[in-house]
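# For reference, the sequence and a predicted model appear below.
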Amino acid sequence: MLRLETASAQLEAILSQTVGKALYMTGVPSKSDLKASLAESEAREASSRREAFEASAWLAAIVENSDDAILSKTLDGIIMTWNRGAEKLFGYSADDAIGRPITIIIPEDRLYEEAEIIRQLRAGQRLAHFETVRRRKDGSLLDIALTVSPVKDAVGNVLGASKIARDISPAKRAAEHQRLLLKEMNHRIKNLFALTPHLFRSARERLKTSTNWPTI
């Protein structure tokens, strides 16, 4: 019995020494160390939040002051954001547009496009430079180039879409004007070629007449 107690005491002593050495080697943080570590962690988090806020502010300023119409919508087609470019392009103020369906700017004969856009968004696909027609608040139609990108959450689920629309009506009008000019030029060139044989015949007849004058 005495030997058993002695062995137990020796084992406890060995364990105590081993644990003590481990604690000594790894070090047990003091309260001041814990406070310093906590303060450092909080400083890093505050810096990260500040950087994220500044980046968000920059992005918001870029979006708000862009000449392009930039808006976002849910997968159900409800407008969530609407920048100044969208106000200028479509004629609706942000208060008028936000919370309403995106179909307020889509002509009836173009509604099928929205269904296809939603289908691509749900698949996580991006639609780039899609030329189409949209409707302003006053009912007038305009040609636009549309880029649509999915908006995803942290795990990759598609929540909605961001849209960038650019007015290409001036470019379309310029292209149509150029087409008409080229068509008119082509028409005139064809007429000129059609008249050329007649001009040659007339010149030849005048030349024959001049060489047959009587001599005096």
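On my side now, so go ahead. Everything numeric here is computed off the predicted structure, so don't read it as measured data.
# Buried residues in stretch 133-146, which are they?
Residues 134-135, 142-146 are the ones in stretch 133-146 that count as buried (16 or more other C-beta atoms under 10 Å). No exception for glycine: its C-beta is placed from N, CA and C like everyone else's.
# now swap in stretch 109-119 and tell me
Applying a neighbour-count criterion of 16+ other C-beta under 10 Å, the buried positions in stretch 109-119 are 113, 117-118.
# contacting residues around S66?
Residues counted as contacts of S66 (C-beta atoms under 8 Å, 6 or more residues apart in numbering) are 83-85.
# ditto for A145
With contact set as C-beta under 8 Å, 6+ apart, A145 has these partners: 129-131, 165-166, 168.
# Over to I98?
Contact analysis of I98 by C-beta under 8 Å, 6+ apart lists 79-82.
# I104 now?
Applying C-beta under 8 Å, 6+ apart, we find I104 in contact with 92, 97.
# try 10 Å
The contact partners of I104, by C-beta atoms under 10 Å, 6 or more residues apart in numbering, come to 79, 90, 92, 96-97, 134-135, 137.
# Please settle this for me: is it part of a strand?
No - assessed with DSSP: H, G, I helix; E, B strand; the rest coil, I104 is helix; it does not lie in a strand.
# Just the pLDDT at it, thanks.
pLDDT for I104: 97.
# Report the separation between it and I98.
Taking C-beta to C-beta, to the nearest Å as the measure, I104 and I98 are separated by 11 Å.
# ok, now K183?
For K183 relative to I98 (C-beta to C-beta), the value is 45 Å.
# And L75, by the same measure?
Going from L75 to I98 by C-beta to C-beta gives 16 Å.
# now do K152
Counting by C-beta to C-beta, the gap from K152 to I98 is 21 Å.
# Give me the subset of the contacts of I104 lying in strands.
The strands, defined by DSSP state E, take in 79, 134-135 from the contacts of I104.
# Just the pLDDT at L141, thanks.
The model's pLDDT for L141 equals 95.
# same thing with N157?
Reported pLDDT for N157: 92.
# Now do the helices for the chain: every range, in order, please.
2-26, 31-64, 84-90, 94-97, 111-122, 169-211 (DSSP state H).
# So which residues make contact with the shortest one?
Surrounding helix 94-97, the residues in contact under the criterion C-beta under 10 Å, 6+ apart are 64, 71, 79-84, 86-87, 90-91, 104-105, 137.
# mind exporting it as PDB, just the C-alpha atoms?
Extracted in PDB, the C-alpha atoms of helix 94-97 (Å, rounded to 0.1, in the frame of the first residue of the first chain):
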ATOM      1  CA  ALA A  94     -35.900  57.800 -58.000                       C
ATOM      2  CA  ASP A  95     -39.000  58.300 -55.800                       C
ATOM      3  CA  ASP A  96     -41.200  57.500 -58.800                       C
ATOM      4  CA  ALA A  97     -39.300  54.400 -59.900                       C
END
